[in-house]
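Asker: task: produce atomic coordinates for the following.
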Amino acid sequence: MYFTYTMSVILVSLAMFGVWCFIKDLWSWLLRPQLLPVPSVTFLLLVQNMEQEVEGVVRYLMREMADTDVECDAVVVDCNSDDLTAVILTRLVYELPGLQVCRMPEGARSVGTALPLCRGSVIHVMDMVHRLNSDEFMITVCNILQRDLQEFAIRQRD
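Answerer: Numbering: from 1, shown residues only. Down below sits the predicted model:
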């Protein structure tokens, strides 16, 4: 059985693409054991008087953490809220695994007190009391998790 010229070109192109994919997969299979694993990540989130948006922000963070391959956890620090933020966070702890909530007493240093609760090797502190609003927070979390998914070619020392 003979193929037309067009069919022969298509078959050779597909064969070349298959060989390229095989070589690329073989190369990554041989190189992957020599790469260092990505360290675990903890998001330390400082909130205060955010009853209108704290649930959406925390649920977004937990959803993004679930979609990544990196080991992640979250610690939310309530910095003496006067509204229903503490009640909402308490309810979310029971609904969302991997979430820890810490309520700071008056005059305590929130980051220093919450650091022992962080299990990750890398800790990202997100200050929503003084620095970030909810939109900036969502953009930052997305950017951090996408950057953490990138592979870095660092060889392990023998």
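Asker: alpha carbons only for contacts and neighbour counts from here, please
Answerer: Will do.
Asker: how far is the helix ranked longest in the chain from where the chain is centred?
Answerer: Determined from DSSP state H, the single longest helix within the chain is helix 5-31. Centroid displacement of helix 5-31 relative to its chain, using CA atoms, centre = their mean, to the nearest Å, is 34 Å.
Asker: quick one: mean pLDDT over it.
Answerer: The average of the pLDDT scores along helix 5-31 is 88.
Asker: can I get the CA coordinates of the helix or strand of the chain with the lowest mean pLDDT in CSV?
Answerer: Every helix and strand of the chain was ranked by mean pLDDT, DSSP states H and E. The lowest is helix 110-114, at a mean of 79. What follows is helix 110-114 as a C-alpha-only set of coordinates in CSV (Å, rounded to 0.1, in the frame of the first residue of the first chain):
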residue,chain,number,x,y,z
SER,A,110,0.9,39.0,66.2
VAL,A,111,3.6,37.6,63.9
GLY,A,112,5.9,36.5,66.7
THR,A,113,3.1,34.7,68.5
ALA,A,114,1.8,33.0,65.4
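Asker: beyond that helix, next helix or strand please.
Answerer: strand 122-127 (DSSP states H and E).
Asker: run me through the strand neighbours of that next one, direction for each.
Answerer: strand 41-47 (parallel) (DSSP bridges).
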